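[1] Okay, predicted coordinates and the sequence, questions at the end:
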Amino acid sequence: MVQLLLVEDDASVRTTLTRALSEHGHAVSSAPTAAEGLRQVVEGRPDLVVLDLGLPDLDGSQMLRMLRAVTSIPVIVTTARDSEREMVRVLDAGADDYVVKPFSASQLNARIRAVLRRGHGENSEEEPVRVGGLRMNLKAREACLDGRTLELSPREFDLLYYLTVRVGQVISKRELLAEVWHTPFGGTDKTIDVHIAWLRRKLGETATAPRYLRSIRGSGVKIVDPSR
Ligand code: CA
């Protein structure tokens, strides 16, 4: 069982997430302040920290720097600040991933699983992730659709994998440029549109008759399970 520490000052968010993440099979403890969170990290040695950036006693990114000074424990930051500058800043400060509020517990759980998979080395990377008939194996860098291997370029694979581990979540083009292309302030939306179009062709769908890949005008793109 994974031991999670949730650092969140909003009592209702804390209660809801604690219950939901427990239902996903995690052991969850929580802290309402950065000071209490730091104490629990040291004493409880959790496997992963979910850290709210807006805390009453210390800015979450300050707490993140303090954590990083003493431990390499995975940290997922939750933030209401939907600004790319803020996100780049927390990733630079050593966050492993972030989710922007409002998010669902199952989105957060998918991120938790993805972060833990990254940290757990080879065996867990061999576990494929699935959305409907799509199956992706990061270690082998293989993608199959309905049992048939997809011939993807490295970038197409990275893009599809990034979306697949975040199933159901709308991902902005800005985030894709930052996380898949690693050019948060360069590149253009057009680059992504072109790669999405190529992926669609390989997945046997079109923009007008989408199945897995859904473009949300003005927001970004998400992957969904078409059988649901
Ligand atoms: Ca807060």
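    Right, received. Where do you want to start?

[2] list the contacts for the residue in the chain positioned nearest to the ion?
    In the chain, the residue found nearest to the ion is Gly54; the distance is 3.6 Å by CB to the ion. Bear in mind the C-beta positions are built from the backbone N, C-alpha and C, glycine included. Residues near Gly54 by CB atoms under 8 Å, 6 or more residues apart in numbering: Asp9, Gly60, Thr79, Ala80, Arg81.

[3] Distance of it relative to Gly147?
    46 Å (CB to CB, to the nearest Å).

[4] Kindly report the same for Leu48.
    Distance from Leu48 to Gly147, by CB to CB: 33 Å.

[5] out of these two, which sits in the more crowded spot?
    Taking other CB atoms under 10 Å, Leu48 and Gly147 do not tie; Leu48 has more neighbours (21 against 7).

[6] which of the contacts of Gly54 has the weakest pLDDT?
    Minimum pLDDT for these is recorded at Arg81 (66).

[7] Gln107: which element?
    Counting by DSSP states H and E, the element that carries Gln107 is helix 105-119.

[8] repeat for Ser215
    Going by DSSP H and E, Ser215 is part of strand 213-216.

[9] so where do the strands sit in this protein?
    3-7, 27-31, 48-52, 75-79, 97-100, 129-131, 134-137, 142-145, 148-149, 213-216, 220-223 (DSSP state E).

[10] Let me know the average pLDDT across the third one.
    Looking at strand 48-52 alone, the average pLDDT works out to 95.

[11] anything in that strand near the ion?
    Yes. Against the ion, strand 48-52 shows contacts by CB under 5 Å from the ion at Asp52.

[12] For that strand, name the packing helices and strands.
    strand 3-7, helix 34-44, helix 60-70, strand 75-79, helix 105-119 (3 or more CB pairs under 8 Å, 6 or more residues apart in numbering; DSSP states H and E).

[13] got CSV for the ones you listed, with mean neighbour count too?
    Written out in CSV, the entries for the helices and strands packed on strand 48-52 read as follows (neighbours: other CB atoms under 10 Å):
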stretch, mean neighbour count
strand 3-7, 23
helix 34-44, 17
helix 60-70, 17
strand 75-79, 23
helix 105-119, 18
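
[14] right, so of the ones you listed, which gets closest to Arg135?
    helix 105-119 (14.8 Å; CB to CB).

[15] Give me the angle between the closest one and strand 75-79.
    Comparing the axes of helix 105-119 and strand 75-79 via axes from the mean of the first three to the mean of the last three CA atoms, to 10 degrees yields an angle of 150 degrees.

[16] which other residues reach helix 105-119?
    Counting by CB under 8 Å, 6+ apart, 2, 4, 16-17, 20-21, 23-24, 26, 47-48, 50, 74, 76, 78, 96-97, 99, 124-125, 127, 138, 165-169 sit against helix 105-119.

[17] just the buried members of those residues?
    4, 17, 20-21, 24, 26, 47-48, 50, 74, 76, 78, 96-97, 99, 138, 165-169 (16 or more other CB atoms under 10 Å).
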